[in-house]
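In: dropping a prediction and its sequence here:
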Amino acid sequence: MNASIRKLLVWTGAILLTATLTGCYESPTVTLFEPGVYKGADDPLLANTDNGSLNERFAGQMDR
Amino acid sequence: MAKMKFLCDAERCIECNGCVTACKNENEVPWGVNRRRVITLGDGEVGEKSISVACMHCTDAPCSAVCPVDCFYTTDDGIVLHDKDLCIGCGYCFYACPFGAPQYPSEQAFGVRGKMDKCTFCAGGPVDDNSVAEYDKYGANRVSQGKLPLCAEMCSTKALLAGDGDMVADIYRERILKRGDRPQTWGWEKAYGSTV
Amino acid sequence: MKLIRKRTVETTGKFTGLGETIDRRTFLARSGIAVGAATAATMLTPGRVRKAHAASSEARIGPITVKKSVCTHCSVGCGVVAEVQNGVWTGQEPDFDSPLNLGAHCAKGASVREHGHGERRLKYPMKLVGGKWVRMSWDDAINEVGDGMLKLREESGPDSVYWMGSAKFNNEQAYLFRKFAAMWGTNNVDHQARICHSTTVAGVANTWGYGAMTNSYNDMHNSRAMLFIGSNPAEAHPVSLQHIFRAKENGSKMIVIDPRYTRTAAHADHYVRIRPGSDVAIMWGMLWHIFENGWEDKEYIRQRVYGLDEVQAEVAKWTPEETERVTGAPEDVVKTAAKMMAENSPATFVWCMGGTQHTIGNNNTRAYCAFQLALGNIGKSGGGANIFRGHDNVQGATDFCVLSHSLPGYYGLSDGAWKHWSRVWDLEHEWVKGRFHPEQVEGDKGKPIHPMNYRGIPVSRWVDGVLEESIGQSDNIRCMVWAGHAVNSQTRGPEMKKAMSKLDMMVIIDPYPTHAAVMHDRTDGVYLLPACTQFETYGSVTASNRSLQWREKVVEPLFESLPDHTIFYKFARKFGFENELCKNIAVENDEPDIEDITREFNRGMWTIGYTGQSPERLKLHLANKHTFNTTTLKAEGGPCDGDYYGMPWPCWGNPEMNHPGTPVLYDTSKPVAEGGLCFRARFGVEHEGNNILAVDSWPKGSEIQGGHPEFTADLLKQLGWWDDLTAEEKALADGKNWKTDLSGGIQRVAIKHGCAPFGNAKARAIVWTFPDRVPIHREPLYTPDRELAAKYPTYEDRKRFYRLPTRYMSIQKDDYTKDFPIVFTSGRLVEYEGGGEESRSNPWLAELQQEMFAEVNPKDANDVGLKDGDMIWIETPEGARIKVKTMITRRVAPGVVFTPFHFGGWYEGEDLLDKYPPGAEPYVRGEACNTAFTYGYDSVTQMQESKVTLCRIKLA
């Protein structure tokens, strides 16, 4: 068995090991449940809504 | 701040399902998941009436009240949204919802429920606005683009209205006055706690 | 962060027992579960949907190009706004600027973006070899099919190849296709108009001049009453309801007459249920009340109507008792409808295929016209005969006469017509004539006729063109070409199948394989050529209200599909007449230039005024949609100021004349130059010694204050107006008339003097050239009532009619009612269109209607012992049968069964899924109802009788 093949095997083994172990790993950031409190991601829309243009746009739904 | 509301004028709804396919089109909702649907009462009989139904974005959303993981939030404009990463697909919200809005794609094997999916008022979800991630998980975000839900914008007879609740109510009241009939705002009172 | 879109600123499932009724959604929800389970392997699974998602969201990154098109489903003409990214159609926005739909769409319009993906499309040319579909190249396909056709031409003459065109063509393609068929040398060319509104066109054109919708959807805002008969726009033309409701909310009365309590009827003020096939009876029954009470418009009739006295004599027979006996509608219900129409003026009248598809379809349409004439409702804003057409461009394809009995513009097939078009085409008439079979044949009237002048076999009868032995052409049809046509819209399935086996060759040119690809038992000689949709090409399209709209190309043709005009150019080159076909049309990469085609028909379509709508004017309207008033359709300021949206035909003269188009036909309150008109002088100046020109009535500003004949060069000379023509105009106009003067000068001068180029006559309530001079009631061939059959018998059989023997009495004389006691009728669903192949291949639509069904009244269900959801056989007297699911509902009356007609892909109980080319199967398949519909053809146009026959139902 020559050196290059051995090297390849070692690397393959290392990658496989990493991949396998990754599967066992769990994220340490656990969402702790607190009744009545939303703990999801923030929605950028909350600060982003332009009511002026929405109201203008509403004209499309009227009878013309 | 405006409060976004839906209203379906049953005198005008003809059950053409334009709202349903507009929703499918805009949000690429998969086969079997219906964020919006049209219900017909007394089909084929005198007095037949149709109403287009989706999540009404209730003022005090019952789905939010029963959610065991509190995945719901309400935007300043009154749009009720949820974080699919928190959702556990338990189905409580479906039983709480008076409109049958929550949907669960049966993606997994053995019929296990997937994450809940529902109408977002075309306002996406808690991901960067108009990102690929937002589109894939929640669908379109028209509101951030200054547009209103496509179902209402494309309604064939302008029966389905979506927008600032006050403006929606104004239009409807004008129609009622003109037609001289009594308001039949199926679902409005239940969702928003007041009459038109 | 990858932004997918830039912000663009732009202008009850409860248990039902035996005989219990059910609503359609619940019914579908249940059947959907079954479909989902049964077809899990073949239909899209959620996993695959997700995958498709990811791919299309990637395409959403990048700048947006906005393209404007028009929906390709019905004839309302809804504007479509498409957003394209990276060549992919990624978004669809409401077209708020369109005055026709104001942003609105029905289920079909709101889902057209799916056509930009077309997973179930036919992807490349294919042929059937030993029962297997084999892929071919376009070159091989054109060569192989072309060689086959040339061989048949050699052996059996050009009439042995049948060219079925389409209402899905745009105007340019329709025109080029008709020209192509002429140059192949046949009149065996036709399209969907034959089977949807041919009896309308014939009946209406023969009453007052033109056969089209007189007003517009928008003009209905002005109606004080609206009558719908055999028309269910809530499902067939949903966006029109926006305009209808506008009128209704302003106080207009809405009346629906239909055998079914339709979704439209559910919104009406008054509903009249009639027996299928009793349209003339109900109209005369209503007119009886109108004459009885003196509600008719006597002054209007004196000025503008001829022959109504003969109608009145016939109407006198239709007492309330007789009307109820024939139609089933009681006196008070009929009288209320008549009174509503008489007391609320102007009143409009809408009809669709419920009225047209009968052996007496032409009588029905003329009875509707006579009714409106009696009330003085024609030629008035808010009134009119608002005939809603079906397909997106069926009006245009009809106007370009993709029809076996006429050349474009309704010029007919006379030598004069051929000479006119030869001049427009810049070809020798003799060369065109030389393309036809040289020998005369015995014509419909028993006299010899040249094939060039002899109307060809209609769509409805192609089967008989293959199977009948004694026909009016040198040989039978041996090759069928269906270019955008659904065979499931034609009746008599078993005979069709037999005809398909007998053919030498079948060629299907379509974005989808269609029912024709699978319903036969052939193993060879079937070719599928992929055409693209109208979103992958561009050109003009005519909405039902006669407005032309320009479509932009949204995306490039998908897969290996090609636009129809490219495909026919390739065939023309194969046959060696490409230079004649495109003599004045530029061609690039085998694609004839669309604008050049528009300009060519602008030079020839004088009869109906398709001459003023140049590509430039059409594009100007496209860019300025928002400037048009949504009620009048008139541009208020802006670059199109004064024009009517889409320049509804007739748009007189050449484009430079800037005629605004005609929004309301025959409206004398406006000058002709501003869209006014009078009735057309089409039937001479006198009849049986009576003057038939208008009396004391003329379009506003006309210098001839009264009736006059149509304009000719000689009439201009007599009037002293000849010198109003320029020298160039005189050279072309001399010896010609308003229809054949290629300079447009005769039209220009007539209009300058305030006159309609086509004269000013009375409308006629009687048509002396038709089998029934006065429209009369005749029972359907398969009538449920023998007593009425004796009293109102059908016609005698004919030896030759449109080249074919045509049977009437030999069928009606037999009694089928014992074995087949139930009346069978059909109609539309909102989610699907036409033969349905395209819409059933669109998952967003297919999910909503997953199974073919039959509406059965609880009484019939209990008599047979059916419960909701049971599979039943519907069997008809000629031996055909279809297997469908029962839906129990009071929407239909006892004794009537209804099925939708959009399904295909099943044949007599068998799902033909395996016969489709892999990957091109529609998501939803079902029995084609027309498999079971029976013989019966209109006495003027050969429209099939697919709205009434007899059947029996039994548990499958």
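Out: Everything's here; your move.
In: which element is the closest residue to C:A543 other than its chain neighbours on?
Out: With CB to CB, 6 or more residues apart in numbering or on different chains as the criterion, C:A543 has its nearest non-adjacent residue at 3.0 Å, and that residue is C:G77. (Glycine included, C-beta is placed from N, CA and C.) Assigned by DSSP states H and E, C:G77 falls within no helix or strand.
In: and for C:G77, the neighbour number?
Out: The tally of other residues near C:G77 (other CB atoms under 10 Å in any protein chain shown) stands at 27.
In: swap in the one 10 residues further on?
Out: Using other CB under 10 Å as the criterion, C:G87 is surrounded by 12 other residues.
In: so where's the chain uncertain?
Out: In the absence of a named chain, this looks at chain A. Along chain A, the model assigns pLDDT under 70 to residues A:1-3, A:14-29.
In: actually chain C
Out: In chain C, residues with pLDDT under 70: C:1-20, C:22, C:24-58.
In: switch the cut-off to 80
Out: Along chain C, the parts satisfying pLDDT under 80 run over C:1-59.
In: biggest helix in it by residues?
Out: Across chain C, the longest stretch assigned as helix under DSSP state H is helix C:138-156.
In: whichever residue of chain A sits closest to chain C: what's it in contact with?
Out: Relative to chain C, the nearest point of chain A is A:G60 (4.2 Å; CB to the nearest CB). Residues in contact with A:G60 (CB atoms under 8 Å, 6 or more residues apart in numbering or on different chains) are B:L148, B:E153, C:P94, C:F96, C:L102, C:G103.
In: burial measure for the second one, as a count.
Out: Other residues within reach of B:E153 by the criterion other CB under 10 Å amount to 29.
In: check B:G193 too.
Out: When neighbours are counted by other CB under 10 Å, B:G193 comes out with 10.
In: residues touching it, list them.
Out: Neighbouring residues of B:G193 by CB under 8 Å, 6+ apart: B:T59, B:D60.
In: out of the contacts of A:G60, who's near chain A?
Out: B:L148, B:E153, C:P94, C:F96, C:L102, C:G103 (CB under 8 Å from any CB of the partner chain).
In: so which of the residues you listed are in strands?
Out: Members of the ones next to chain A among the contacts of A:G60 lying in strands (criterion: DSSP state E): C:P94.
In: from chain B, how far out is the residue nearest to C:S544 when sequence neighbours are not counted?
Out: Using CB to CB, 6+ apart and skipping the chain neighbours, the partner closest in space to C:S544 is C:S75 (3.7 Å). Using CB to the nearest CB, to the nearest Å, we find C:S75 at a distance of 15 Å from chain B.
In: touching, C:S75 and C:Q395? I think so.
Out: Yes. Counting by CB atoms under 8 Å, C:Q395 is a contact partner of C:S75 at 6.1 Å.
In: those two: which is more packed in?
Out: Remark: of C:S75 and C:Q395, C:Q395 carries more neighbours, 31 against 28, as counted by other CB under 10 Å.
In: quick check: which element contains that one?
Out: Using DSSP H and E, the element containing C:Q395 is helix C:394-399.
In: can you list the residues that contact that helix?
Out: C:75, C:165-167, C:169-171, C:174, C:191-193, C:196-197, C:201, C:211-213, C:389, C:391, C:408-410, C:540-544, C:546, C:548, C:605, C:608, C:610, C:649.
In: right, and the helix or strand after it?
Out: helix C:415-425.
In: ok, the contacts of A:G60 vs chain A, which is closest?
Out: Distances from chain A to the contacts of A:G60, taken as CB to the nearest CB, are shortest for C:F96 (4.2 Å).
In: burial count for the closest one?
Out: Burial measure for C:F96: 21 neighbouring residues, criterion other CB under 10 Å.
In: and if you look at B:H57?
Out: 27.
In: now B:K49: how far from chain A?
Out: According to CB to the nearest CB, B:K49 and chain A sit 21 Å apart.
In: counting by contacts, list what the helix ranked longest in chain B packs against.
Out: Looking across chain B with DSSP H, the single longest helix is helix B:165-179. Counting contacts by 3 or more CB pairs under 8 Å, 6 or more residues apart in numbering or on different chains; DSSP states H and E, helix B:165-179 packs against strand B:4-8, strand B:160-164, helix C:240-249.
In: that one versus strand B:4-8: what angle between them?
Out: Our comparison of helix B:165-179 with strand B:4-8, counting by axes from the mean of the first three to the mean of the last three CA atoms, to 10 degrees, yields an angle of 20 degrees.
In: where's the nearest residue in space to C:V466 that is not next to it in sequence, which helix or strand?
Out: Distance criterion CB to CB, 6+ apart; nearest residue to C:V466, sequence neighbours excluded, is C:A499 at 3.9 Å. For C:A499, the host element (DSSP H and E) is helix C:493-502.
In: how far off centre is that helix?
Out: Remark: helix C:493-502 is offset 25 Å from the chain centroid, using CA atoms, centre = their mean, to the nearest Å.
In: buried residues, it. List them.
Out: Across helix C:493-502, burial judged by 16 or more other CB atoms under 10 Å in any protein chain shown covers C:G493, C:P494, C:E495, C:M496, C:K497, C:A499, C:M500.
In: ok so, going back, was I right about the residue nearest to C:A543 contacting C:Q549?
Out: Yes. The pair C:G77 and C:Q549 qualifies as a contact (CB under 8 Å) at a distance of 5.8 Å.
In: endpoints of stretch C:93-105, how far apart?
Out: Taking CA to CA, to the nearest Å, stretch C:93-105 runs 10 Å from one end to the other.
In: can you point out the buried residues in it?
Out: C:93-105.
In: cool, stretch C:137-156 as well?
Out: The neighbour-count check on stretch C:137-156 (16+ other CB under 10 Å) flags C:W138, C:A141, C:I142, C:V145, C:G146, C:G148, C:M149, C:L152, C:R153, C:S156 as buried.
In: who are the contact partners of the second one?
Out: This means C:A141. Residues in contact with C:A141, defined by CB under 8 Å, 6+ apart, are C:P125, C:K127, C:Y527, C:L529.
In: again, but for the first one
Out: Residues counted as contacts of C:W138 (CB under 8 Å, 6+ apart) are C:P125, C:L529, C:E560, C:L562, C:K570.
In: could you write me a ChimeraX select line covering just the buried ones among those?
Out: The ChimeraX command for the buried members of these (criterion: 16+ other CB under 10 Å) is given here:
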select /C:125,529,562,570
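In: in strands, which of the contacts of C:W138 fall?
Out: C:L529.
In: just flag the most distant two among the contacts of C:W138.
Out: Using CB to CB, the pair of these lying farthest apart is C:E560 and C:K570, separated by 13.0 Å.
In: quick one: secondary structure of B:A191?
Out: Following DSSP: H, G, I helix; E, B strand; the rest coil, B:A191 is assigned to helix.
In: pretty sure it contacts B:M4?
Out: No. B:A191 is beyond contact range of B:M4, at 11.3 Å (criterion: CB under 8 Å).
In: can you give me the neighbour number for C:T319?
Out: C:T319 has 15 nearby residues by other CB under 10 Å.
In: let me fix that, I meant to ask about C:E910.
Out: 13.
In: who's it bridged to?
Out: C:Y907 (DSSP bridges).
In: how far away is it from chain B?
Out: C:E910 is 25 Å from chain B, by CB to the nearest CB.
In: hey, where'd the helices end up in chain B?
Out: Here chain B has its helices, by DSSP H, at B:18-27, B:62-66, B:92-96, B:132-138, B:150-153, B:165-179, B:188-192.
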